[in-house]
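[1] Sequence plus the predicted model coming up.
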Amino acid sequence: MSVKSGDSLLKDLVTLEKLESTLESCRQVTQDILEQLSALETQIDSHHGKVLAAKTSGTTATTVGTGLAITGLIMAPFTFGTSLIVSTVGAVTSVGGATANLITDVVDRKKRHKFIENIQVSLLD
């Protein structure tokens, strides 16, 4: 078993202090990244809820519109064509719901791309 000299012990102590400083710096950087990712998670959850609500509304409008269009067409012989107005309203409603879903998908895709970029920036900084 060898005994270290004072200079050797001092070098070891300085090395340990540098290591401790480096580890603390890494811990702080990791903590900052986790905070950024947590904030992004909150934004993503909020966005996802809004997308689900918009898609549900669009799908509901499409379903109701389709039902009105079919009902209007079925009733046309009995109402002497007057129910074709209901069919027209149903078709317009159905197209509006489908358009709402399409727009929601486009906006969602752009937002997801932005979220992915933000996550990559957080991890690369």
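    Noted; the coordinates are in hand.

[2] list the contacts for the residue nearest in space to the middle of the chain?
    Per Cα atoms, centre = their mean, the C-alpha nearest to the average position across the chain is that of Ile44, at 3.8 Å. Contacts for Ile44 were tallied using Cβ atoms under 8 Å, 6 or more residues apart in numbering; they are Phe115. (Each C-beta comes from the backbone N, C-alpha and C, glycine too.)

[3] where's it, which helix or strand?
    Secondary-structure element containing Ile44, defined by DSSP states H and E: helix 6-75.

[4] Now the element after that helix, going C-ward?
    Moving toward the C-terminus from helix 6-75, the first helix or strand encountered (DSSP H and E) is helix 84-124.

[5] orientation of that next one relative to helix 6-75 in degrees?
    In this structure, helix 84-124 runs at an angle of 170 degrees to helix 6-75, with axes from the mean of the first three to the mean of the last three Cα atoms, to 10 degrees as the basis.

[6] counting contacts, what elements does helix 84-124 pack onto?
    Of the remaining helices and strands, those touching helix 84-124 by 3 or more Cβ pairs under 8 Å, 6 or more residues apart in numbering; DSSP states H and E are helix 6-75.

[7] for the record, mean pLDDT for the helix it packs on?
    Confidence for helix 6-75, expressed as mean pLDDT, is 90.

[8] Then stretch 106-115?
    Averaged across stretch 106-115, pLDDT comes to 94.

[9] How far off centre is it?
    Using Cα atoms, centre = their mean, to the nearest Å, the distance from the centre of stretch 106-115 to the centre of the chain it belongs to is 7 Å.

[10] Likewise for stretch 49-59?
    Once both centres are worked out by Cα atoms, centre = their mean, stretch 49-59 turns out to sit 13 Å from its chain's centre.

[11] Now do it: everything it contacts.
    Contacts made with stretch 49-59 from outside it, assessed by Cβ under 8 Å, 6+ apart, are listed as Gly97, Ala98, Thr99, Ala100, Asn101, Thr104, Val107, Asp108.

[12] Give me the phi and psi angles of Phe78.
    The main-chain torsion angles of Phe78 are listed as degrees, to the nearest 10 and equal phi -80, psi -20.
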